[in-house]
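Asker: Return a 3D structure for these sequence lines:
(one chain, ligands or ions: 1)
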Amino acid sequence: MPAESTSDQPGDPQDVTKFPSSEEVICVLKKQASTKDVYEVLSLNQGEQDGKPSFTLRQSSYTGAEADENPALQQLYNDFGVEGRPVHLQPGPQRRMHVIVSTHSGTKLSLQFYNNVIAPLLEAIGLTTSGESKTGGNGKPDSYNLLITQDAESVKNFARDLADQSRSEKNVEHTVVLLSGDGGVVDMLNSYTSTSDGHHTSGDDAKSQSLPLIAVLPLGTGNALFHSLHKTVKGPTAVSDLVQGLRTLLRGKAAPLPSFKAAFPEGSRTITYSKTADVASSGNDSTTTADSTTNLKEQAEYITHLYGVVVASYGFHSQLVWESDTPAYRQHGAKRFQMVAQELLKESHAYRATVEITRSTATGEAIGSEKLARDRHTYILATPVSNLEKTFCISPASRPLDGQLRLVHFGPVDGAKTMEIMMAAYDGGKHVHMRWGGNTAQGQDGEGDGVGYEDISEVRITTHEEDARWRKVCIDGTIVEIPAGGCMVVSKEIRRHLRVLVDESVAHDSTS
Ligand SMILES: Nc1ncnc2c1ncn2[C@@H]1O[C@H](COP(=O)(O)OP(=O)(O)OP(=O)(O)O)[C@@H](O)[C@H]1O
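Answerer: This next block holds a predicted model:
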């Protein structure tokens, strides 16, 4: 569907009703026509069609004379004016630009958003698709490669090609616009890194502008990275996440993206469920189990490590992510998270594990390790970000791009207490101050009763569970089963692998 294009006539200079409301405005472009300037206001209309969200890009043009006489338009230009195309959106011989539409993210709105908003928006700033989905392209100015994902491997394959290409064309930069949730970012990070690992020299590391730059349009479910990066962005009015994402795309600045590494013991396997028919082709490292009721197959592949940008967890969090993805629960649709949570809260399993944490100075020197006194746990979660969802603030001290890994943990408690702690996290992250009294059954393992919250550089989690059901960890949504007695090590990654586009205010904060 083409973009709705209107040519509003402001008429009465005081009449602001004809303008898009400022919450909807993405940007104001000042274009030079043959005789006079033209102001083009681009805004996002969000509505509903057939019970589903729908999006339209609205383009309203005004002459310079109209703008001069109209304070409302002047204000919009002051607030959202874009002078020329930002450098990251200038494809040419030295920069390739890619748009990835992750069709299965969130409620599957990415393709509609691309067609109705992104394509016309890019066209309005002079960019069109080259018709290619490959990372290469010929460096044609003003054109971008478009990848519409076909399967779960699409983003990963793209990132591997990108790493290959970055090696062969060292001075070419890449901007990747990602219409996805956290999964798309993590697929990019792991596949790009696995291909580029071992090819870095210290010179490459120093030159962070050679790292691919990603711009995230939050079309996933949790969008933890996006919400955490934009948490501190303040404006005169609240705007929708997608308007904010589009503003960052056009007016944001690039910054290195902090990440962590999770290393797994030998014998660890990722657990996924898919309808893939030809599972044998994934090699000797895979085992599969058919599920008779749903036709989904469990696939397990040996793995040594993963990189993440959002969360590494063991206990209630990883269990919830894993069990709600199993065929038994998938058939229940969106209800399944609540169903699994209820069951897990009823069961209140206490995970047997040894947890050791290391702290370090800002320059990375270790300043001490300690073992948590308890050996049973409900919740162990390491994260470099503040929010796992827009309103679920798991780590209130985290600031965008601060690069600090933080650990949230608590011991064996009953379901009601776990629920209370989770609700406090939804209440602005108040859970980190929660304490509960006495050396009751809840605190029987010796640790003081309360939610633990610490800055760490590394956490080592050794599971002592015999039953494989209780040995699942979660790295940014990927489930890994670790063997009995195995130890997962999650550490702050000093090297940066990707850059991310952030609001200007955040970029300033992170460099000051
Ligand atoms: N056509 C497709 N078929 C199968 N998998 C796909 C397809 N397109 C994208 N994917 C994969 O689906 C996953 C979507 O994850 P993503 O994180 O973007 O959405 P989400 O899980 O809804 O959001 P969040 O992680 O923010 O909660 C990605 O790993 C992506 O590679």
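Asker: from here on, contacts and neighbour counts on C-alpha atoms
Answerer: Fine.
Asker: Show me where the stretch 251-400 of the chain has its helices.
Answerer: 316-323, 327-330, 336-347 (DSSP state H, counting those that start in this stretch).
Asker: wait, which of those helices is closest to the ligand?
Answerer: Closest approach to the ligand among those (C-alpha to the nearest ligand atom): helix 316-323, 10.4 Å.
Asker: wait, does that closest one make contact with the ligand?
Answerer: No: Helix 316-323 stays out of contact with the ligand when judged by C-alpha under 6 Å from any ligand atom, the minimum separation being 10.4 Å.
Asker: Residue 484: neighbouring residues, count only.
Answerer: 17 (other C-alpha atoms under 10 Å).
Asker: start the count at 16, not 1, going forward
Answerer: Got it, the first residue is 16 from now on, which makes the last one we talked about residue 499.
Asker: now it: how far from residue 365?
Answerer: 16 Å (C-alpha to C-alpha, to the nearest Å).
Asker: Can you give me the pLDDT of the residue nearest to the spatial centre of the chain?
Answerer: Centroid check for the chain by C-alpha atoms, centre = their mean gives residue 197 as the closest residue, at 3.1 Å. pLDDT for residue 197: 96.
Asker: if I read this right, it contacts residue 237, doesn't it?
Answerer: Yes: between residue 197 and residue 237 a contact is recorded at 7.4 Å, counting by C-alpha atoms under 8 Å.
Asker: Enumerate every residue touching the spatially closest residue to residue 315 that is not a sequence neighbour.
Answerer: Using C-alpha to C-alpha, 6 or more residues apart in numbering and skipping residues adjacent in sequence, the residue nearest residue 315 is residue 286, 4.8 Å away. Residues near residue 286 by C-alpha atoms under 8 Å, 6 or more residues apart in numbering: 313-316, 493-496.
Asker: Can you list the residue ranges for strands in the stretch 66-215 of the chain?
Answerer: Along the stretch 66-215 of the chain, counting by DSSP state E, counting those that start in this stretch, strands occupy 67-78, 96-97, 110-116, 143-144, 158-163, 188-195.
Asker: Now do the contacts for the residue lying closest to residue 276 once chain neighbours are set aside.
Answerer: Spatial nearest neighbour of residue 276, excluding adjacent residues (C-alpha to C-alpha, 6+ apart): residue 322 at 4.5 Å. Residues in contact with residue 322 (C-alpha under 8 Å, 6+ apart) are 201, 204-205, 274-277, 490.
Asker: Which of the residues you listed sits closest to the ligand?
Answerer: Among those, and counting by C-alpha to the nearest ligand atom, the member closest to the ligand is residue 201, at 7.5 Å.
Asker: Which strand residues bridge the closest residue in space to residue 493 that isn't next to it in sequence?
Answerer: Excluding its sequence neighbours, the residue lying closest to residue 493 (C-alpha to C-alpha, 6+ apart) is residue 285, at 7.0 Å. Here residue 285 sits in beta bridges with residue 316, residue 495, going by DSSP bridges.
Asker: Please verify my assumption that residue 285 contacts residue 492.
Answerer: No: under the criterion of C-alpha under 8 Å, residue 285 makes no contact with residue 492, lying 10.7 Å away.
Asker: Now for the residue in the stretch 266-415 of the chain positioned nearest to the ligand, how many residues are close by?
Answerer: At 7.9 Å from the ligand, residue 404 is the closest residue in the stretch 266-415 of the chain, using C-alpha to the nearest ligand atom. By other C-alpha under 10 Å, the residues close to residue 404 number 17.
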